[in-house]
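Engineer: Predicted model and sequence follow; I will ask about them next.
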Amino acid sequence: MARFLPVAPFDCVVFGATGDLTMRKLLPALYDRFRDRQFSPTSRIIAVARTAMETEEYRAKAEAALRQFVTPASLDAETLQGFLALIRYQTVDALSDEGWAALVAILKERPEQVRPFYLATSPELYGPICQKLARHGGLHPLSRVVLEKPIGHDLASARAINNAVGEVMPESQIFRIDHYLGKETVQNLLALRFANPIFERLWHADMIDHVQITVAETVGVEGRGGYYDRSGALRDMVQNHMLQLLCLLAMESPISLDADAVRDEKLKVLRALRRVEPHEVNSFTVRGQYTAGAANGHPVPGYLADIGGTERSLTETFVALKVQVNSWRWAGVPFYLRTGKRLPRKVSEIVIQFRTPPFSIFPREQHDLQPNRLLIRLQPEEGMRLEMMTKEPGPGGLHLRPTGLDISFEKTFGIRYPDAYERLLMDVVRGNTTLFMRRDEVEAAWGWVEPLLETWAERPEGPRPYVAGSWGPTAAIAMIERDGRTWYESED
Ligand SMILES: NC(=O)C1=CN([C@@H]2O[C@H](COP(=O)(O)OP(=O)(O)OC[C@H]3O[C@@H](n4cnc5c(N)ncnc54)[C@H](OP(=O)(O)O)[C@@H]3O)[C@@H](O)[C@H]2O)C=CC1
Ligand SMILES: O=C1O[C@H](COP(=O)(O)O)[C@@H](O)[C@H](O)[C@H]1O
């Protein structure tokens, strides 16, 4: 049975309330938390966007979104009506003075409520929105601002956003969201490493040969071509989600679960990432772009058609990287990262591959000894598997076979896994920043990624093509195989 600690009543102001993220993720997440009674009906959701609209019209749009994106079994008429009644709509233009006084007047009706401002808009609006909130008297000590990723487009723009927001809000009230940190299985990395000494004792270069992190998607750019073509896989997935995963795997034990203690350790990892020098870029990185192929058994167009039929784009929809962490713990242990759109399966998985035995009593010509591997499945079918060699039962001689110790989280706990946004939104109301990125983390991540982007931009060749439905360019396979290793492909 899941446990939900009730949160204090709040006025959640969602900027960008007509947008895709709000409709697909934020409203469903708030609905599910309301349904579980984690917050009281005295809370309000103040939906804000530029479009002029009455509250009733917005509620109808919200209802349509909930019917589409909430599990049907969770939608009952009474809860739905109760939830929609919490919503008010206010037209505000972030770039003019329109609507601000009316918005602040709504907030002043309940000065005692916690006040999360969720900025689900383009990042260029984060600074102006926060500055206007301050100027119009909309901020108070219980205010928190939630910044969606990407925080900027590069280091300079990330700093500019952080400065503009930081001028009016203290760091403790700024929540830079990375929804991967809200995934249960990602949080479980802390439990795996620091609540189970058997693993932590093995967690270093003496025992680990290498680490793989794969985040594969079958979808293409899904109507977000305008954003994606300016971004690409490195900015969209690596700078944030994948580096955060790497940090949780590679960091030292924090001194506590306190937000800054955890973030201090992640920051050290980001600062220890070995920079990829321009002459190493072809050995340590591979970028790709999908061409027409298949997804989930159906033919699909290529990337250029998906973004509107342009003739050429240098944007990568796939990236594979070999990353090294300069520390005693990780000396000589590569972290191989790969992510892409239009890959064969949707899967996010971490593989910790341990070293082979220094000496084997099992003759090589008779026994194919596989290295021990710890597989951590983040999604779907969340779970873990420890692969080990076992003697096949029977009197016919000694035969070894790879087998696995498996845990399926769903079977073990028997509950629905909440969407990441559900947990993160409640943490915002509680004021708990542990699962959010601190300013220096975001800037350190940009600091590592940016030289790579610059080197790529100087190369005329651009990303390598790969057929939609394949595992990316063959150069990504070559990159890891040059090191005598291979990408792990799970069986299902
Ligand atoms: N969609 C997704 O799955 C994800 C999105 N994100 C990030 O979240 C943010 C929002 O994304 P998404 O929902 O897709 O974007 P959309 O383009 O769908 O929505 C943008 C929203 O911003 C509002 N807006 C634009 N200009 C102004 C303005 N001047 N004043 C007030 N409101 C304005 C729009 O209002 P109006 O319609 O009235 O113009 C609309 O509600 C982006 O930073 C994106 O990168 C991050 C992860 C995933
Ligand atoms: O932030 C983003 O993440 C999604 C993938 O998230 P997941 O939870 O479905 O793994 C990705 O599709 C999108 O491009 C990116 O902006």
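Structural biologist: The structure has been received and is ready for your questions. Residues are numbered from 1 along each chain as shown. Ligands and ions are numbered 1, 2, ... in the order given.
Engineer: Lys391 and Leu398 touch, don't they?
Structural biologist: Yes: Lys391 lies in contact with Leu398 (CB atoms under 8 Å); the separation is 6.3 Å. Heads up, the C-betas are built off the backbone N, CA and C, glycines and all.
Engineer: how far is the helix or strand hosting Ala445 from where the chain is centred?
Structural biologist: If you go by DSSP states H and E, Ala445 is part of helix 439-458. Per CA atoms, centre = their mean, to the nearest Å, the displacement of helix 439-458 from the mean C-alpha position of its chain is 17 Å.
Engineer: Show me this structure divided up by domain.
Structural biologist: Split into domains by automatic domain parsing, the chain comes to 11-148, 181-417+439-481.
Engineer: anything in the shortest one near ligand 1?
Structural biologist: The one in question is domain 11-148. Yes: applying CB under 6 Å from any ligand atom, one finds domain 11-148 in contact with ligand 1 at 15-21, 49-51, 92-95, 120-123, 125, 148.
Engineer: Now the residue of the chain at minimum distance from ligand 1: closest residue in space, sequence neighbours ignored.
Structural biologist: Relative to ligand 1, the nearest point of the chain is Gly19 (2.3 Å; CB to the nearest ligand atom). With CB to CB, 6 or more residues apart in numbering as the criterion, Gly19 has its nearest non-adjacent residue at 5.6 Å, and that residue is Ala120.
Engineer: The one you found: neighbour count?
Structural biologist: Using other CB atoms under 10 Å, Ala120 has 22 neighbouring residues.
Engineer: swap in the one 3 residues further on?
Structural biologist: Residues contacting Pro123 under the criterion other CB under 10 Å number 18.
Engineer: Can you list phi and psi of it for me?
Structural biologist: The phi/psi pair for Pro123 (degrees, to the nearest 10) reads phi -60, psi -20.
Engineer: if I read this right, Leu243 contacts Leu452, doesn't it?
Structural biologist: No: here Leu243 lies out of contact with Leu452, judged by CB under 8 Å, at a distance of 11.9 Å.
Engineer: Those two: which has the busier surroundings?
Structural biologist: In this view Leu243 and Leu452 are compared by other CB under 10 Å, and Leu243 has more residues nearby, 28 against 21.
Engineer: What helix or strand is that one located in?
Structural biologist: Going by DSSP H and E, Leu243 is part of helix 243-250.
Engineer: That helix vs helix 439-458, what angle?
Structural biologist: 120 degrees (axes from the mean of the first three to the mean of the last three CA atoms, to 10 degrees).
Engineer: Enumerate the positions of the helix or strand just after helix 243-250 that are buried.
Structural biologist: Proceeding N to C from helix 243-250, the next assigned helix or strand is helix 259-272, under DSSP H and E. Neighbour counts over helix 259-272 (16 or more other CB atoms under 10 Å) mark Ala259, Asp260, Val262, Arg263, Asp264, Glu265, Lys266, Leu267, Lys268, Val269, Leu270, Ala272 as buried.
Engineer: One more: stretch 475-492?
Structural biologist: Ala476, Ile477, Met479, Ile480, Arg485, Trp487, Tyr488.
Engineer: Contacts for the helix or strand hosting the third one next, please.
Structural biologist: Assigned by DSSP H and E, Met479 falls within helix 474-481. Where contact means CB atoms under 8 Å, 6 or more residues apart in numbering, the residues beyond helix 474-481 that reach it are 283-284, 286, 288, 318, 320, 322, 336, 338, 464, 471, 486-487.
Engineer: among those, which ones are buried?
Structural biologist: Among the contacts of helix 474-481, those classed as buried by 16+ other CB under 10 Å are Phe284, Val286, Gly288, Phe318, Ala320, Lys322, Tyr336, Arg338, Arg464, Trp471, Trp487.
Engineer: show me what contacts the residue nearest to Arg275 when sequence neighbours are not counted?
Structural biologist: Closest residue in space to Arg275, ignoring its immediate chain neighbours: Pro451 at 6.1 Å, by CB to CB, 6+ apart. Listed by CB under 8 Å, 6+ apart, the contact partners of Pro451 are Arg275, Val276, Pro278.
Engineer: which bits of this protein sit near ligand 2?
Structural biologist: Checking the chain against ligand 2 by CB under 6 Å from any ligand atom, the hits are Glu217, Asp236, Ser348.
Engineer: Could you list which of these belong to strands?
Structural biologist: Among the residues of the chain next to ligand 2, the ones falling in strands (DSSP state E) are Ser348.
Engineer: would you turn the residues of the chain next to ligand 2 into JSON lines with neighbour count, distance to Gly138 and pLDDT?
Structural biologist: Listed next are those as JSON lines, based on neighbours: other CB atoms under 10 Å; distance: CB to CB, whole Å; pLDDT from 0 to 100:
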{"residue": "Glu217", "neighbour count": "19", "distance to Gly138": "37", "pLDDT": "97"}
{"residue": "Asp236", "neighbour count": "23", "distance to Gly138": "31", "pLDDT": "96"}
{"residue": "Ser348", "neighbour count": "23", "distance to Gly138": "37", "pLDDT": "96"}
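Engineer: now what about the lowest-mean-pLDDT helix or strand in the chain, what contacts it?
Structural biologist: Least confident helix or strand of the chain, by mean pLDDT, DSSP states H and E, is helix 409-413 with a mean of 83. Where contact means CB under 8 Å, 6+ apart, the residues beyond helix 409-413 that reach it are Glu184, Thr185, Asn188, Glu381, Glu382, Gly383, Tyr417.
Engineer: Good, we can wrap up now.
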